[in-house]
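Trainee: What follows is a predicted structure for the sequence shown.
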Amino acid sequence: MLKKSSLAIVLLLFGLYSIAQETDSLTVVKTKWQKTRIARQVKLFRHHFNHQNLFGSNENISFVEIKNSGRKIVFALGAEEKELITTSDFGVRDTAIVAINGNFFDVKDGGSVDYVRLNGKIINTNRLDKKGNRAKHQQAGVVIDHGILAIKKWDGSEDWETKLTAQNVLLNGPLLRYNNQNEVLDTTSFTRLRHPRTCLGIKPNGRVILLTVDGRNENSAGMSLMELTSFMKWLGCTDAINFDGGGSTTLWVDGMPDYGVVNYPSDNKKWDHEGQRKVANVVLVKKK
């Protein structure tokens, strides 16, 4: 049983945390985003929280919001079985208007370490641990069928992804929010520490958000997965899934300066737009 002094400290810390959460949520809600129309049904939002005014830190955030109807604008995957390509090169090659880096991959030998199905063909399968267990980033994913994107959660079965009927499947994770509820996250350093992050969220009206948070720089600290979960909730997402981050985090938009790279990829350890890391796959937004 906690002593009164210990209980008082716990309650104080919880109270301070709650106040900080409320302050941060209001900051996000009141943010005056820099908005750029990319195409019909596609809009880019950017803001640099540069007064240590989000989670007590500087944060540079960029995201694209897309209508998810499968009509004039469609979602697609760009992927290679073994080769690694920059997000921007994927976007240009596949005549997209937006591209964002996808799931986790083998830096040395190329190719994803998670299940990927591209236009009906399986090009990568899950690499399980020695005990045959899935990683957190293999317990959810995005599916795209007829240009419409959705988030799916692992049902616990061994062959779950093979039963998904969509033509395009990209396992990823961990899942942050599902059906308007926060998912339970582990306490590993990957979860707790701040890193550049890439995230996909879906709002109640079906619109999709493709988001990057820059990090590893005094201009932008990056986020923990708990902070990222809160942020996606404050943006109005009922569902949200983490993608590969760190040096991979890249948002590319056709026609924008700096070869279309909107954020500040960290792989070159500089605050510029040239630090892209080559990746195995991307999520694309294309004109139909």
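Mentor: Good, I have the coordinates. Numbers count the residues shown, from 1 in each chain.
Trainee: Tell me which helix or strand T23 sits in.
Mentor: Per DSSP states H and E, T23 falls inside helix 4-29.
Trainee: C-terminal to that helix, what's the next element?
Mentor: Next along from helix 4-29, by DSSP H and E: strand 34-39.
Trainee: Now that next one: average pLDDT?
Mentor: Mean pLDDT, strand 34-39: 97.
Trainee: Stretch 239-249 too?
Mentor: 98.
Trainee: distance between the ends of it?
Mentor: End-to-end span of stretch 239-249 (CA to CA, to the nearest Å): 20 Å.
Trainee: ditto for stretch 255-268
Mentor: End-to-end distance of stretch 255-268: 23 Å, with CA to CA as the criterion.
Trainee: Start the count at 27 instead of 1 going forward.
Mentor: Yes, from this point I'll number from 27; that puts the last item at stretch 281-294.
Trainee: Quick one: residues in contact with it.
Mentor: Stretch 281-294 is touched from outside by 62, 64, 70, 72, 86, 88, 113-114, 117-118, 123, 222, 238, 240-243, 245-246, 272-280, 297-303, with contacts defined as CB atoms under 8 Å, 6 or more residues apart in numbering. C-betas here are computed from N, CA, C, even on glycine.
Trainee: ok, now with 6 Å
Mentor: The contact list for stretch 281-294, computed with CB atoms under 6 Å, 6 or more residues apart in numbering, reads 88, 114, 222, 238, 240, 242, 273, 276-280, 297, 299, 301-303.
Trainee: Please apply the same query to stretch 238-247.
Mentor: For stretch 238-247, the external contacting residues (CB under 6 Å, 6+ apart) are 83-88, 220-224, 248-249, 275, 277, 289-290, 292, 297.
Trainee: filter those to the buried ones?
Mentor: 83-88, 220-224, 248-249, 275, 277, 289-290, 292 (16 or more other CB atoms under 10 Å).
Trainee: any idea which strand is longest in this protein?
Mentor: As assigned by DSSP state E, the longest strand anywhere in the chain is strand 68-80.
Trainee: circling back to that earlier point, which ones among the contacts of stretch 281-294 lie within helices?
Mentor: Among the contacts of stretch 281-294, the ones falling in helices (DSSP state H) are S114.
Trainee: out of the contacts of stretch 281-294, which are inside strands?
Mentor: Per DSSP E, these map to strands at S88, T238, L277, W278, V279.
Trainee: Need the contact partners of the longest strand of the chain.
Mentor: With contacts defined as CB under 6 Å, 6+ apart, strand 68-80 is touched by 50, 53, 57, 59-64, 84-92, 99, 279.
Trainee: okay, the residue nearest the centre of the chain: pLDDT?
Mentor: Note on the chain: the residue nearest the mean C-alpha position is C225, at 1.3 Å, using CA atoms, centre = their mean. The per-residue pLDDT reported for C225 equals 98.
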